[in-house]
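> quick one, structure for this:
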Amino acid sequence: MEIVKGLTKIAPGPENVGLTVREAPRAIPGYVVLDVQAAGICGTDIHIVDDEFPSWPPVTMGHEVCGIVAEVGEDVDRSWLGVRVVSETYFSTCGACRQCREGRHNLCLDRRSIGSAQDGAFAAQVLVPAHGLHRVPEGLSSEAAALTEPLACVCHCLLDPPVVAAGDAVLVVGPGPVGLLAAQVARAAGGTVHVCGIPRDAVRLELARGLGFETSVDGESLDRVFDVVVDCSGHQDGMTMCIERAVRGGRYVQVGLAGKPVALPFDEVCFRELTITGGNASTPASWRCALRLIEDGAVDLQSLVSEVVPLAEWERAFAATRSGRGIKFVLDPR
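Model (predicted):
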C-alpha cells in the first residue's frame, strides 16, 4: 500500500490537528489524482482547527490547490496527464437538486468539499473531480495559482450578480488575502476602492498601498460614506463599520466568516435601506471569471504570497496566518 503524509484534522473539537500518514489516493471514474505543488492556507482552515467550521475527521485539510495531473480515471481524457491545473473544491454534489440544476452546486445540501469532508490538498497527492479542473495560465507560479480558489470565491460575492458599478466608491474592511483580492476585483469592476484595517495590519495595508489603494487604520479620517461596503474581516467590529459607512440605499457584501454569532446594529439596515448580499464559496461561473481576470492581468496574485512553507513547518505557517504577520502562506508538500 502506497502512503502519503498529510496535515489532518484528526478528531472533532478545537486543535486535534497534526501530520498523519494515510493511504495514497487512486484515480476512479470521473476523477484524477494531482501531485500537489502548492496549497494555500485559508481562514477556513483556521476555523477548522478551532472547530468553528464543519469538518468530518479524520480528514486531510486544504482546498486551495495547484498541482500536476498524475493519474486519470478510466473515463477521463488522458490529455490531462502532466498538465498543471487548479481545481474547484467540490468533491461531490447530488447533481439533482434545484441548486445543482441551476449551476449553484455551492448550495447543494449534499455537497462534500475537499479539505473538510474529503481528503484535501495539504498532502503530496489529492483526488479531485475531472470536471473541476482548470489549466493554469502561462507565466503564473504554482504558489500564486493556488490563490485562484479564493479569487473565485470573491468573484462569486462581487460579480455574480454584480454589486459594483463603474464610479462606485467601495470600502473593503479587512486587508487579508481575501480583502486584497476583493479590492482588486472591485477596482476591475470600475470601483474606486478604499481598504481599511486595524493596527496589526500594517504589513497588509502597506501592500494595499503598493497595489494602488487608499488605506486607513480603524477608519481614521474616514468622514464619508460608500456606495458598496465589503466586509472581509469576519469580525463584528468590521461588520459594524461597514454598516455605518454605507450610503443610504447602498450595498453591503459579507465575504468574511466570523465562525460564531455576532451582534450588529441591524436597525441601520432599515434606516439606510441597505441591500445585503453574501456568497457561499464558488461556482463554475465564478471560476471562469477568476481565470479571465488573471489572464487579463487585472489581479496580482503573486504579491500576496508571503512565503512558501514545507509541510513539516505547518505550525509556523498557521501561526503567522492567524497573527496576520504576512498575507498568504502556501504549503508545499513535496
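> for the protein, just list every one of the helices.
Under the criterion DSSP state H, helices of the chain are mapped to 43-49, 98-101, 142-145, 148-159, 177-188, 202-210, 236-244, 267-272, 284-295, 314-323.
> nearest to Arg84, of the ones you listed?
Arg84 lies closest to helix 142-145 among the helices of the chain, at 6.9 Å (CB to CB). The way it works is simple: take the backbone N, C-alpha and C, and place the C-beta from them, glycine included.
> show me the contacts for Val170.
Residues near Val170 by CB atoms under 8 Å, 6 or more residues apart in numbering: 164, 183, 186-187, 191-194, 226-230.
> which segments of the chain make up each domain?
Following automatic domain parsing, one finds the domains of the chain at 3-147+301-332, 160-278.
> export those domains to a markdown table and append columns for mean pLDDT and distance to Val154.
Formatted as a markdown table, the domains of the chain follow (pLDDT from 0 to 100; distance: least, CB to CB, whole Å):
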| stretch | mean pLDDT | distance to Val154 |
| --- | --- | --- |
| domain 3-147+301-332 | 97 | 10 |
| domain 160-278 | 97 | 5 |
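> so which of those gets nearest Cys153?
Of all the domains of the chain, the one in closest proximity to Cys153, counting by CB to CB, is domain 160-278 (7.3 Å).
> spatially nearest residue to Cys97 (excluding sequence neighbours)?
The spatially closest residue to Cys97, leaving aside those adjacent along the chain, is Cys108, at 5.6 Å (CB to CB, 6 or more residues apart in numbering).
> my bad, Met239
In this structure, Met239 finds its nearest non-sequential neighbour in Asp231, 4.9 Å apart by CB to CB, 6+ apart.
> which residues does the one you found form beta bridges with?
Val173, Gln254 (DSSP bridges).
> now do it: how many residues are near it, please.
27 (other CB atoms under 10 Å).
> wait, which of the helices of the chain is closest to Leu81?
Closest among the helices of the chain, using CB to CB: helix 142-145, at 17.4 Å.
> show me what the closest one is packed up against.
Helix 142-145 is packed against strand 31-40, strand 64-72, strand 84-87, strand 305-310, with contacts defined by 3 or more CB pairs under 8 Å, 6 or more residues apart in numbering; DSSP states H and E.
> okay, these in CSV with mean neighbour count and distance to Ser142 next?
Converted to CSV, the helices and strands packed on helix 142-145 look like this (neighbours: other CB atoms under 10 Å; distance: least, CB to CB, whole Å):
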stretch, mean neighbour count, distance to Ser142
strand 31-40, 25, 4
strand 64-72, 24, 4
strand 84-87, 24, 7
strand 305-310, 17, 9
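> export those to JSON lines and tack on distance to Val21?
JSON lines is the format used below for these (distance: least, CB to CB, whole Å):
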{"stretch": "strand 31-40", "distance to Val21": "16"}
{"stretch": "strand 64-72", "distance to Val21": "19"}
{"stretch": "strand 84-87", "distance to Val21": "23"}
{"stretch": "strand 305-310", "distance to Val21": "16"}
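> pretty sure Glu268 sits against Leu274.
Yes - counting by CB atoms under 8 Å, Leu274 is a contact partner of Glu268 at 7.4 Å.
> quick one: which of the two has more around it?
It is Leu274, of Glu268 and Leu274, that has more neighbours when counted by other CB under 10 Å, with 19 against 15.
> quick check: that one vs Ala183, distance?
20 Å (CB to CB, to the nearest Å).
> which residues touch Val164?
158, 170, 186, 189-191, 228.
> 10 Å instead?
By CB atoms under 10 Å, 6 or more residues apart in numbering, the contact set of Val164 is 158, 170, 182, 185-193, 227-228, 230, 251, 253.
> return a ChimeraX selection command for the buried portion of those.
Buried members of these, defined by 16 or more other CB atoms under 10 Å, are picked up in ChimeraX with:
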select :158,170,182,185,186,187,188,189,191,192,193,227,228,230,251,253
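> residue contacts, the residue most central in space within the chain?
Centroid-nearest residue in the chain, with CA atoms, centre = their mean: Pro150, separated by 2.6 Å. When contacts are counted by CB under 10 Å, 6+ apart, Pro150 touches 40, 42-44, 63-64, 176-178, 180-182, 255, 282, 290, 301, 304, 328.
> likewise Ala189?
Ala189 neighbours (CB under 10 Å, 6+ apart): 155, 158-159, 162-166, 168, 170, 228, 293, 298.
> swap in Leu140?
Taking CB under 10 Å, 6+ apart, one finds 66, 84, 86, 146-148, 291, 294-295, 301-302 in contact with Leu140.
> before we move on, the earlier item: turn the contacts of Val170 into JSON lines, including distance to Leu311.
Formatted as JSON lines, the contacts of Val170 follow (distance: CB to CB, whole Å):
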{"residue": "Val164", "distance to Leu311": "37"}
{"residue": "Ala183", "distance to Leu311": "30"}
{"residue": "Ala186", "distance to Leu311": "34"}
{"residue": "Arg187", "distance to Leu311": "34"}
{"residue": "Gly191", "distance to Leu311": "38"}
{"residue": "Thr192", "distance to Leu311": "41"}
{"residue": "Val193", "distance to Leu311": "35"}
{"residue": "His194", "distance to Leu311": "37"}
{"residue": "Phe226", "distance to Leu311": "41"}
{"residue": "Asp227", "distance to Leu311": "43"}
{"residue": "Val228", "distance to Leu311": "39"}
{"residue": "Val229", "distance to Leu311": "38"}
{"residue": "Val230", "distance to Leu311": "33"}
